[in-house]
Every structure is written in structure tokens, then in C-alpha cells.
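Chemist: Structure for the following, please:
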Amino acid sequence: MAVVDVAVVGYGPVGMAAAALLGQRGHRVVVLERYPGLYNLPRAASFDDETMRTLAGLGVAGELLPGLRVQGTYEWRNGRGDLLLEQSFAERGRSGWAEWYMMYQPELEAALDRRCRSLPNVEVRAASPVVALEQGPEHVVLTTEGPGGREAVRARYVVACDGGNSFVRSALGIASEDLGFSEPWMVCDFRFRRPTPVPPALQLGDPSGPTSVISLGPAHHRFSFMLDSVDDFATERAAERVWKRVASHLAPEDADLIRVATYTFRSLAAEHWRRGRVLLAGDAAHQMPPFLGQGMCSGFRDAQNLAFKLDLVLRGAVGDGILGTYQSERAPHVRAVTEKGIELGHLQTLRDPARAAERDRTLLARRAAGGTTPQPLRFPSLRDGFFAAVSAAGRGELSVQGVVADGDRADRLDQVVGGGFHLLLQEHLVAALRDAGLLGPLAGAGVRVVVPGERAVEDSPVTLVRDVDGTYRDWFAALDCGAVAVRPDFYVYGTARTPAETAALAAELLRALGTDAPG
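Modeler: Numbering: from 1, shown residues only. Model prediction:
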């Protein structure tokens, strides 16, 4: 029987990210996947800058970039073509990367697969569906049924990333809450034969047939059509009917039709994301309609949240009570994003012509009153979890990542100083940490103390880097603080203003990481 630290069930993008994040930290990981190989068909179509920050930390961003499309706007139009809503995405977002990337998912999975297989402590077992699960006080035993018969794996923890029809969730008897969205759609994917002017990002709220048109990167495109009933798919999937639907944009000489599938867009959330030593992530924990493009992104946030907490537990720094903060942090965030997606989905999919006309009048009047200013999307902060005890500005927010220089190169912060826990602070606050004897313990606990300012010099164990674009100067000013502690999943642990508050924040972080602070 194989004995590992973590067994990851499911080898889609979220399972791959979870396995790689844990493997990079040195833990023994086995991945159990029911299919004999990579799925090799597109499902998700896009991801955001926060997800790209994770991919950069895994070392795959550079190889992905040539196959991605950076998209600046997303249009919502009615059946007549009037612009109702426009979402805008910056070329450099809060996380330091473009805010919206369009992708062809098989290319993402291939890159993540190579990363996982490059880690000697990560084993990927394909054609190994999990058929039984038994929990004990110190471990979980998973049984797989593969071509060679039954095999058992014993793991200290299990992360279930096995999708919306999760075997693990069912085996644990965990029910899901329905948040009230369920609609059948037909998804049609094309591979271009030649450059073709197709709308890269369009939601068409036509009551006679709501439609989505979206890029899958430079070489692929997707058209999705709402169906009156899932039973219509048997007829509508015929190639000649699909080509008729897309005729105003594409002809057979422009592209190959490579896939037609039906999906019911749902909004579901598991009632419990943890049962003992088993944790659910990605679609196994939650499903949302695709109108915000946040389904896979939410799964990556799950993986990041779990990876740093499991790392602390597996290293013996903290007890596994910290895993209780996983759902308390992630579930409200997922619900807020899902509810926003449902709101937009209902706007787009109105089938009653009178209600659709009223929607159009309302949104067109709103645009006329506000000019053409795009409407930015803002996701909520995290709360009720692994954060500093004192509520302060910025706590639980997604952190900012700017470009810094260390004397040798200029790049995004993670690529210059590395990932993990960061304590970012203004230079005049370093003395407070030094006087309190906190710099050594912080380094020992894996916390990087970084001063983004006007210069870049060696001052071990402090990293002084130049704040190239003033990103951190502006962030500190917006928070009215001089120090920000950031977790490995990029969320703010806590902030401080004065030298005394900075020392207190650092000491509290050390205690939370299982290290005694001096004094």
C-alpha cells in the first residue's frame, strides 16, 4: 500500500494545481485520476490575473502566454445589437498580470501536467478511479479499481477535485445547496483554419435565443446557445444545424467544428467542504454559471488556500484546526461570485420579449446616464478565518503585486523575491522588527520581509527592492498603513501603521505559524 502525505482525487486543472502546489513544498502527493489520459477537450475558457499569479508561481506562465489572448472588454448586447453592458479588464490588474486571459484548456492542462510530472515527489496515477474511501483517526485509505485490479493508497489528507459528479463528495454523504440557477446550453467549439473576424467576447441577450460567443485563445473559438430543453440537444447538435447557427460569423472554410456538447449551467454549493481528513475543492465543492468566467478561477483559489494550510499542518507547525478556516473563508467568497454570475445570467437569458424589452430600456438608460464608462467587477474580501486578530484596513483583501527591481532585474514581486508569506513594509519600520528581535524568527518561519521603496540593496534578512512603478507606495497610502502581511494565497493577513503595531503584527503572525515570538 502506497503511503503519502496527500492524495488528490481528480486531475483536471484544480487537481493539477493542488498537486503541484503541495509538491513544490516538498510533500509526497499521489494523484488518482479515473481517465487514462488528459481530458484533452476545452471546458473552461478563461481565467483572471489572480489565477495567472498562481500559474506564474508554478513556473508555467511563460510557456502559456503565446497561446493566450488578453481580452480588454466583454460586451453584453440585446437581440438588436444594442450595447447593454460592457465589462472592462486592465492590461495589468491587482495581481500584476492582465485581468482576463482567454485560453484553450488542453494547453493549460498540458503545461500543468508537465509541471506535476517534473516533481519527483508527485505521482500521477491515470486510469485509477476511486471506488472506496475509509477514514481513520490518522489517515484515509482510498481504494482504486484500475486495469491491474484493486489498489489501496493511504494518505494523511485527501483533496477531492473530482468534479461536479464527485465520487468523494457522494461517498461522504455531503449534500449540495441549490442556489437557484439551472439552464441547458449547447456548447460548440471551433478551430480556426485562417484568421477570421469573430467577436472575441460577446453575450447576446436575445429572447429568441440567448447566445454566448467567446475566444478560446488565438486558434479556437466557442459559440454557446441556450436550449429550450436538454432534449433539444439530440437534434440541434447536428453539424449542419450548428453551421447554420454560426453562419453570420463563421463558414466551414474558416474553421473546423471540433466539439459539440451539452451542459446544464448550475449553481450548487456543498454544505460541507471538509469531512475529517477529506477536503473538497473546485467543482466538487461548488458549481457556478459561466457568465463571469470564475468557475476554474474559484477552484484555483481553493487550491491555494488549502495548499498553504496543509503545508503548515504537514510540517507540524500548527494543528489541523487551521483547516476549519478553509470553508469559512472560501464559501462566502464563492457564494458572492456565484450570486453575481446568476444575476448576470438571468439578465442575459430572459426569454419573455416584454421583460427583455424592459431590461433593455433600463440598461440603455443607465448607460446613457453614465456615458460609456465600463463597469468594473469587484470581488469581496475574505473574512472569518486565518487573519490577524485586530481588524485593520485591508485585512482579508486580495493583495497587490507590483514590479520591483533587486539590482539585477525588474519583474513582478513573486518572481524577484519568491512566494510564501510576505511582510511588506516601509523602510523606517525595519528598526522596530530588529529591536524586537523578530527578523531572525520571521526568516526561520519562512516569512520574507520585503521593503519596496526607492532603492535596492542587500540588508539580510531583509530584502530591499525598488518599487519600480510606485505600486506599493500607492497601496500603502490607500490602506493608510506602513506594513502589510500577505499570505501565500495572496490575501492580506493584517496591516499595521506604527512601529509598535508592526512589531505586534509580526509577533502575531509568528505565533499563528507555530513559532514563539521573542518576549
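Chemist: what's the burial count for Arg277?
Modeler: Residues lying near Arg277 (other Cβ atoms under 10 Å) number 19. C-beta here means a position set from N, CA and C on the backbone, and glycine is covered the same way.
Chemist: That one contacts Val140, doesn't it?
Modeler: Yes - with contact defined as Cβ atoms under 8 Å, Arg277 reaches Val140; the gap is 5.0 Å.
Chemist: what sits in contact with each of the two?
Modeler: Residues touching both Arg277 and Val140 by Cβ atoms under 8 Å, 6 or more residues apart in numbering: Ala155, Arg156, Tyr157, Val158.
Chemist: To what extent is the third one buried, counted in neighbours?
Modeler: I take that to be Tyr157. Tyr157 has 24 neighbours, counted by other Cβ under 10 Å.
Chemist: pLDDT (mean, whole number) over the helix or strand where it lies?
Modeler: Using DSSP states H and E, Tyr157 falls within strand 149-160. Mean pLDDT, computed over strand 149-160, is 97.
Chemist: Pull out the buried positions in that strand.
Modeler: Going by neighbour count (16 or more other Cβ atoms under 10 Å), the buried part of strand 149-160 is Val153, Arg154, Ala155, Arg156, Tyr157, Val158, Val159, Ala160.
Chemist: Among those residues, give me the pair with the biggest separation.
Modeler: Arg154 and Ala160 (16.0 Å; Cβ to Cβ).
Chemist: that older thread, which of the buried residues of strand 149-160 lies closest to Arg77?
Modeler: Out of the buried residues of strand 149-160, the member with the shortest distance to Arg77 (by Cβ to Cβ) is Ala160, at 39.3 Å.
Chemist: surely that closest one meets Ala171?
Modeler: No - judged on Cβ under 8 Å, Ala160 makes no contact with Ala171 at a distance of 9.1 Å.
Chemist: Can I get the shared contacts of Arg277 and Val140 in JSON lines including distance to Glu134?
Modeler: Shown next, in JSON lines, are those (distance: Cβ to Cβ, whole Å):
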{"residue": "Ala155", "distance to Glu134": "11"}
{"residue": "Arg156", "distance to Glu134": "14"}
{"residue": "Tyr157", "distance to Glu134": "14"}
{"residue": "Val158", "distance to Glu134": "11"}
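Chemist: ok, back up a step: pull the residues that contact the strand holding Tyr157.
Modeler: So strand 149-160 is contacted by 1-10, 15, 18, 30, 32, 128, 131, 133, 138-144, 166, 168-169, 277-281, 284, 303, 306, 310, 313-314 (Cβ under 8 Å, 6+ apart).
Chemist: again with stretch 231-239
Modeler: Pro184, Met186, Phe225, Leu227, Arg241, Val242, Leu257, Val260, Thr262.
Chemist: any idea how far Glu138 is from Leu312?
Modeler: Separation of Glu138 from Leu312 (Cβ to Cβ, to the nearest Å): 18 Å.
Chemist: between these two, which one's more packed in?
Modeler: Neighbours were tallied for Glu138 and for Leu312 using other Cβ under 10 Å; the higher tally belongs to Leu312 (22 against 8).
Chemist: Let me know the helix or strand that Arg448 is in.
Modeler: Remark: Arg448 resides in strand 447-453, with elements defined by DSSP H and E.
Chemist: what mean pLDDT does that strand have?
Modeler: 96.
Chemist: C-terminal to the lowest-mean-pLDDT helix or strand in the chain, what's the next element?
Modeler: When each helix and strand of the chain is scored by mean pLDDT, DSSP states H and E, strand 458-459 comes last, with a mean of 73. Later in the chain than strand 458-459, the nearest helix or strand by DSSP H and E is strand 462-467.
Chemist: Run through the residues that contact the closest residue in space to Glu253 that isn't next to it in sequence.
Modeler: Of all residues not flanking Glu253 in the chain, Arg193 sits nearest, at 6.8 Å (Cβ to Cβ, 6 or more residues apart in numbering). Contact analysis of Arg193 by Cβ under 8 Å, 6+ apart lists Glu253, Asp254, Ala255, Asp256.
Chemist: Give me the buried entries from the contacts of stretch 231-239.
Modeler: Pro184, Met186, Phe225, Leu227, Val242, Leu257, Val260, Thr262.
Chemist: From those residues, which land in strands?
Modeler: Using DSSP state E to define strands, the subset of the buried ones among the contacts of stretch 231-239 located there is Pro184, Met186, Phe225, Leu257, Val260, Thr262.
Chemist: May I ask which two of the residues you listed are separated the most?
Modeler: Farthest pair in those, by Cβ to Cβ: Pro184 and Leu257, 19.7 Å.
Chemist: Helix or strand: which one has the spatially most central residue of the chain?
Modeler: In the chain, the centroid-proximal residue (Cα atoms, centre = their mean) is Cys297; its distance is 2.7 Å. Assessed by DSSP H and E, Cys297 sits inside helix 295-314.
Chemist: And the next helix or strand past that helix?
Modeler: As assigned by DSSP H and E, the chain's next helix or strand after helix 295-314 is helix 325-348.
Chemist: List the buried residues of that next one.
Modeler: Across helix 325-348, burial judged by 16+ other Cβ under 10 Å covers 325-327, 329-335, 337-338, 340-342, 344-345, 347-348.
Chemist: what packs against that helix?
Modeler: strand 73-78, strand 176-192, strand 201-205, strand 255-270, strand 286-287, helix 295-314 (3 or more Cβ pairs under 8 Å, 6 or more residues apart in numbering; DSSP states H and E).
Chemist: Of all the ones you listed, which one comes closest to Pro499?
Modeler: helix 295-314 (27.8 Å).
Chemist: Can I get the closest one in CSV? Just the C-alpha atoms.
Modeler: Only the C-alpha atoms of helix 295-314 are listed here, as CSV (Å, rounded to 0.1, in the frame of the first residue of the first chain):
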residue,chain,number,x,y,z
GLY,A,295,-15.6,28.7,-12.1
MET,A,296,-12.0,27.5,-12.6
CYS,A,297,-10.6,30.6,-11.0
SER,A,298,-12.5,29.8,-7.8
GLY,A,299,-11.1,26.3,-7.9
PHE,A,300,-7.6,27.7,-8.1
ARG,A,301,-8.3,29.9,-5.1
ASP,A,302,-9.4,26.7,-3.3
ALA,A,303,-6.2,25.0,-4.1
GLN,A,304,-4.1,27.9,-3.0
ASN,A,305,-6.0,28.3,0.3
LEU,A,306,-5.7,24.6,1.0
ALA,A,307,-2.1,24.2,-0.1
PHE,A,308,-0.5,26.7,2.4
LYS,A,309,-2.7,25.5,5.3
LEU,A,310,-2.0,21.8,4.6
ASP,A,311,1.7,22.7,4.3
LEU,A,312,1.7,24.1,7.8
VAL,A,313,-0.1,21.1,9.2
LEU,A,314,2.0,18.5,7.4
